[in-house]
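J.: sequence below, structure please.
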Amino acid sequence: MLNFVPMSTSNVSHETGQNIKPVVGIRRLKEPMVAPLKTRIFTVANQKGGVGKTTTAVNLAAALSMGGLKVLVIDLDPQGNASTAFGIDRVASEGIYEVLINDLPMANVVQKVANFPHLEIIAANSDLAGAEIQLVPTVAREFRLQSALQTFLIAKQNAGQRFDYVFIDCPPSLGLLTINALTAADEVLVPIQCEYYSLEGLSLLIQTLTEVQKRLNPKIILSTIVLTMFDSRTRLASDVAENVRKHFPEQLINTPIPRAVRVSEAPSYGQTVMTYDASSPGAIAYMSVAREIANRGGAPINLKNEIA
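T.: Got it, this is the predicted structure:
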């Protein structure tokens, strides 16, 4: 049973082309979540699109923030869906593009998320779509995000404002933006839709991660796997869950995210499901996943494991 203490509420103001629904149900947990000993930096990645990658990133960030932890989200996907989910006007926002291409400090572009006192975001704007090409001739192009992020995090820690978690939302492809994210992170969180082809996507991601470990970031690990769009009525979903659990027992989060209408509806109102409907099955599942992530450390994986 989840116990909540109500927090202040207000309208989200942004341009999505949808009627804006007031933010309701923003709450703080009575029992705060366990803070990590140092900042945990997650890249949320899957080379297959449509697996709930951005949805997982924003809802886990919101849930951990509601648990009293300080969280930063970096929207590295040119589609900018993570920014939209937090009610950010992408057209008017300087963001991660200016950091990567123009060397603008992250402190100049970070924004607080409305009604979440512990949650901040570095947004994606429309210019980010051209960043892949513009990065090609850049010196140390794979390390642009890592350098800017470390400078920002150290400054915040020295000011007594340390972030507990950083979530980097990647595009569903293997390009320079995703490579920058993998180079900057300590851990990889992989959302897997409970379908057969998602297992193939996981195998490809492991191959990519192995190469990144060898050439760019030896400390990165695959620490967390979250099952999404889980439908307990189908045998396929159960078979996929069992297969993933067989090969990655330490990385798999125990609670799957159910296929839920509220989770799909929330972004169109510039919200996460945690604020759109905190009592819905999707919100409860993401809260459970967030608490499990907070309670356990990342478990390294033998990247030679493969899906059968």
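
J.: can you name the residues bridging to residue 122?
T.: Using DSSP bridges, the bridge partners assigned to residue 122 are residue 74.

J.: how many neighbours does residue 130 have?
T.: 12 (other CB atoms under 10 Å). The way it works is simple: take the backbone N, C-alpha and C, and place the C-beta from them, glycine included.

J.: just residue 198 next, same as before
T.: Neighbours around residue 198, by other CB under 10 Å: 22.

J.: how near is the most centrally placed residue in the chain to residue 217?
T.: With distances taken as CA atoms, centre = their mean, the residue of the chain nearest its centroid is residue 57 (2.5 Å). Distance of residue 57 to residue 217, computed by CB to CB, to the nearest Å: 19 Å.

J.: re earlier: the residue nearest to the centre of the chain belongs to a helix?
T.: Yes - counting by DSSP: H, G, I helix; E, B strand; the rest coil, residue 57 falls inside a helix.

J.: while we're on it, how confident is the model there?
T.: Residue 57 carries a pLDDT value of 96.

J.: then residue 247?
T.: 88.

J.: any idea how far it is from residue 267?
T.: Taking CB to CB, one finds residue 247 at 31 Å from residue 267.

J.: and residue 281, by the same measure?
T.: Applying CB to CB to residue 281 and residue 267 gives a distance of 17 Å.

J.: so the two - more neighbours on which side?
T.: Neighbours per residue, other CB under 10 Å: of residue 281 and residue 267, the larger number sits with residue 267, 21 against 16.

J.: quick check: chain neighbours aside, which residue is closest to the more buried one?
T.: Using CB to CB, 6 or more residues apart in numbering and skipping residues adjacent in sequence, the residue nearest residue 267 is residue 85, 4.9 Å away.

J.: what is the burial count for the one you found?
T.: 31.

J.: show me the contacts for it.
T.: 54-55, 58, 266-267, 270-272 (CB atoms under 8 Å, 6 or more residues apart in numbering).

J.: out of these, which is nearest to residue 124?
T.: residue 54 (10.5 Å; CB to CB).

J.: and that closest one, what helix or strand is that in?
T.: helix 53-66 (DSSP states H and E).

J.: and residue 131, by the same measure?
T.: In the assignment (DSSP H and E), residue 131 maps to helix 131-135.

J.: what comes up buried for the helix holding residue 54?
T.: By neighbour count with 16 or more other CB atoms under 10 Å, helix 53-66 contains the buried residues 53-66.

J.: of those residues, which pair is most distant in space?
T.: Using CB to CB, the buried residues of helix 53-66 span at most 20.8 Å, a distance reached by 53 and 66.

J.: look up how far residue 43 lies from the residue nearest to the centre of the chain.
T.: Taking CB to CB, one finds residue 57 at 10 Å from residue 43.

J.: what's the answer for residue 85, then?
T.: Counting by CB to CB, the gap from residue 85 to residue 43 is 18 Å.

J.: one more: residue 240?
T.: 22 Å.

J.: of those two, which one has the most company?
T.: A count of neighbours by other CB under 10 Å puts residue 43 above the other of residue 240 and residue 43, at 30 against 22.

J.: residue 48 is in contact with residue 198, correct?
T.: Yes - counting by CB atoms under 8 Å, residue 48 is a contact partner of residue 198 at 6.1 Å.

J.: sort out which residues of the longest helix seen in the chain are buried, please.
T.: Counting residues, the longest helix found in the chain (DSSP state H) is helix 196-215. Residues 198-199, 201-202, 205-206, 208-209, 212-213 are the ones in helix 196-215 that count as buried (16+ other CB under 10 Å).

J.: next one: stretch 92-101
T.: 93-101.

J.: from the residues you listed, which shows the smallest pLDDT?
T.: Lowest pLDDT among those: residue 93, 77.

J.: so what's the residue count around residue 112?
T.: 12.

J.: distance of the residue lying closest to it once chain neighbours are set aside from residue 162?
T.: What sits nearest to residue 112 in space, not counting adjacent residues and going by CB to CB, 6+ apart, is residue 120, at 5.4 Å. The gap separating residue 120 from residue 162 is 12 Å, by CB to CB.

J.: looking at these two, which is more packed in?
T.: Under the criterion of other CB under 10 Å, the comparison of residue 120 against residue 162 puts residue 120 first, with 23 against 15.
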